[in-house]
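*Asks:* Have a look; sequence and predicted model below, questions after that.
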Amino acid sequence: MSLSQRNAIQAEEIRPGAVTNPRTTMNIVVDVQGALDPQVLDAAFRDLIARHEPLRSQPVAGTTQMEIESVEDASLEPLDTSGDPATDANRLAALLEKTPVDLGSPPSVRGFLLTCHPQKHLIGLVFHHFAVDPTSLRLAVTELAALYTARLRGQQLPPNTMQYGQYARWQAERLAARAASDRDAWQTTLAGVQPPRYERDIPFRPESSPVSRVLRTELLDHAEMQTVLAWSRRHRSTLFTTLLAAFALALRARTDTDDLVLTTVFEQRDRLEARQLIGPFIYPTVLRLRTRSGESGPDWVARVRASVTATYQRAQFPVRDLLGTVPQLVPGLRGKEPTWYRMFEYLPNVDTAGFAFGQAHGEVSHSTGTEHEDNHMGFFLRVRRTPQGALVGRTAYDAAEFSEAGALALLDDFRSHLARLCAMQESASR
């Protein structure tokens, strides 16, 4: 297993079934204009699975090993058209949201083909999240298109220069050499930290179980996003850092401490050969951010940037070891105390370039992730930019802690803090 996979397995010690559950999936839909040969596409789908170990492997219980299997009978499942392309697209997206993928029975991907008419097709792929990260979704479609085109021409793609198992072994060796220094750095960073106590909409009951609710909202329109991007460039900040800084300020207003603890996820494809591999390269980690009364927006963002940079450099650290340095945070994660769990994730931009399936042309029309109902604790905001330039968010929150109105109020505060930064930019421009 890679560290990403080991972290996922370790996370289940805190929330059993949260990672390996068949509903923990990611999916993508491609709209293809032009003729497609279903048999050739099926063969290309099998080629894709054969080329990437995470798609045809499963964890060996009680170990840190993956068992790789041979998968020869995979094919795209055909779906009937409704006669209306828009209805078909919505129906396929809804189907993928509900489609389970059994991690214990490779392959870790299911595919669907819906032919609206001979010149219009929808390809839907749904992956178990244990086998992929967000970048892998687009890589999978890119390679599926290339494999299909190669088969039409009687050709084959060259083999990958590295397999995921080789990467995992290389990563383990490298991390072993720096484990002590990373542990020392984490112990220094998290020394004395205490879980923040957040205001709740609903009183805490230790016997209650998390009840996940999901909101999908547009947070900023195109013009507002351009303002935030301009402000970020002006103050040498990434978009992720600026958004995270605003999210942290929204959390600060809901607790009595200026010492915040929240989590995020970094994606790190830290070898050139790994940049085209389908697989998980994501690392959940803890950020400690300390606010200061009267601090200017640019100064606050600069300090957040420094924290993000330092954390990114040691994000590949085992979850179990990380929590071992801060055992005081664990009861809130297990639900035995009011949870401090607040998570912010920014998904990389979706490239709007298309895919060549022979003479046909494909474009991504839908992409998202799903989780089973009891997977979330606290408040988790995942944001991404749309091809139209807006910022949209998927908010998963615990209905045993938040009302829907309370969750929306936190999102409103997040937008307000971004707007204040925008106002600073406008003032500076004048």
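*Replies:* Arrived safely. Remember, it's a predicted structure, so these values are computed and weren't measured experimentally.
*Asks:* now the end-to-end length of stretch 52-66.
*Replies:* Start and end residues of stretch 52-66 are separated by 13 Å (CA to CA, to the nearest Å).
*Asks:* same check, this time on stretch 250-263
*Replies:* Span of stretch 250-263 from end to end, CA to CA: 15 Å.
*Asks:* Return the set of buried residues in that stretch.
*Replies:* 250-252, 254-255, 260-263 (16 or more other CB atoms under 10 Å). Quick note: C-beta positions are derived from backbone N, CA and C, even for glycine.
*Asks:* repeat for stretch 355-365
*Replies:* 355, 357-358, 360, 362, 364-365.
*Asks:* Make CSV from those residues and add secondary structure and pLDDT to it.
*Replies:* What follows is the buried residues of stretch 355-365, written out as CSV (DSSP: H, G, I helix; E, B strand; the rest coil; pLDDT from 0 to 100):
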residue, secondary structure, pLDDT
Phe355, strand, 95
Phe357, strand, 97
Gly358, coil, 96
Ala360, strand, 96
Gly362, strand, 95
Val364, strand, 89
Ser365, strand, 86
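*Asks:* farthest-separated two in the residues you listed?
*Replies:* The span of the buried residues of stretch 355-365, defined through CB to CB, is set by Gly358 and Ser365 at 19.3 Å.
*Asks:* Name whatever forms a beta bridge with His117.
*Replies:* Taking DSSP bridges as the rule, His117 bridges to Lys120.
*Asks:* can I assume it is in contact with Thr81?
*Replies:* Yes - using CB atoms under 8 Å, His117 is in contact with Thr81, at 7.4 Å.
*Asks:* Could you tell me how many residues sit around Gly154?
*Replies:* Gly154 has 6 neighbours, counted by other CB atoms under 10 Å.
*Asks:* what's the answer for Ala89, then?
*Replies:* 18.
*Asks:* swap in Glu218?
*Replies:* Glu218, neighbours per other CB under 10 Å, totals 11.
*Asks:* Can you tell me the SS state at it?
*Replies:* Secondary structure, DSSP: H, G, I helix; E, B strand; the rest coil: Glu218 is strand.
*Asks:* List the beta-bridge partners for it.
*Replies:* When bridges are called by DSSP bridges, Glu218 pairs up with Val392.
*Asks:* List the residue ranges of this structure that fall below the pLDDT cut-off.
*Replies:* Within the chain, the ranges that satisfy pLDDT under 70 run 349-352, 370-376, 424-430.
*Asks:* One more pass at 50, please.
*Replies:* By pLDDT under 50, the weakly predicted segments of the chain are 425-430.
*Asks:* how does it divide into domains?
*Replies:* The chain breaks down into these domains under automatic domain parsing: 3-152, 192-351+371-429.
*Asks:* For Glu173, find the nearest of the ones you listed.
*Replies:* Glu173 sits nearest to domain 3-152 of all the domains of the chain, at 11.6 Å, using CB to CB.
*Asks:* Quick check: end-to-end length of that closest one?
*Replies:* Taking CA to CA, the first and last residues of domain 3-152 lie 38 Å apart.
*Asks:* again, but for stretch 385-394
*Replies:* This stretch, stretch 385-394, spans 12 Å end to end (CA to CA).
*Asks:* Kindly report the same for stretch 341-358.
*Replies:* Span of stretch 341-358 from end to end, CA to CA: 47 Å.
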